[in-house]
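Asker: No sequence on hand, only this structure:
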């Protein structure tokens, strides 16, 4: 091999007698880093764990508070938290969040299930932590209210949701409703900033 041919070799590779490049121990192939991890365009790992943790916390808090409300508050007088401005009052709600659409219980059950499916599909391309938090809140809230609709009376897929947070001059709601609203507001803010679930930023 001439000096000119040796100068054309890439770092980390040698050439066989036939002239075919041979990778050395420190060389890497396209699409992987030195540790063997697949390249992903610099977006880092997917944020499924963050989404799952936020959803689990939101769901657990909603479930626990509803159990306490049913056992300790249902059938009793409301508890005044901040005078008449905020009370805890057990209410069974057949409608959507904040008592909307009381005659459409089954419809809202189907919608909640559809929302969960959509979030799971988006999670496959989720590389943004803020989006993981927002979708986790939506998922936890949707699961919380869906659990009520499936398992509570008067029947499967027609169950009434347990609400208990009663501000003055406002509808009674629960922690699942709060999680859904917070998640929705965060998604709107992220969209205005141009941040997509896959971590990319677009400018209109």
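Answerer: Arrived safely. Because the structure is predicted, anything quoted here is derived from the model rather than measured.
Asker: Can you list the helices and strands that the longest helix seen in the chain packs against?
Answerer: As assigned by DSSP state H, the longest helix anywhere in the chain is helix 48-72. If you count contacts as 3 or more CB pairs under 8 Å, 6 or more residues apart in numbering; DSSP states H and E, helix 48-72 packs onto strand 86-93, helix 105-123, helix 129-151, strand 161-167, helix 175-192. In short, each C-beta sits where N, CA and C put it, glycine included.
Asker: Make a markdown table from those and add mean pLDDT, mean neighbour count and distance to residue 73 to it.
Answerer: Listed next are these as a markdown table, based on pLDDT from 0 to 100; neighbours: other CB atoms under 10 Å; distance: least, CB to CB, whole Å:
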| stretch | mean pLDDT | mean neighbour count | distance to residue 73 |
| --- | --- | --- | --- |
| strand 86-93 | 92 | 18 | 4 |
| helix 105-123 | 84 | 15 | 22 |
| helix 129-151 | 94 | 23 | 15 |
| strand 161-167 | 94 | 22 | 6 |
| helix 175-192 | 94 | 18 | 14 |
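Asker: between the ones you listed, which one is nearest to residue 54?
Answerer: Distance to residue 54, taken as CB to CB, is lowest for helix 129-151 among these, at 2.7 Å.
Asker: That closest one vs helix 175-192, what angle?
Answerer: The directions of helix 129-151 and helix 175-192 differ by 150 degrees, with axes from the mean of the first three to the mean of the last three CA atoms, to 10 degrees as the criterion.
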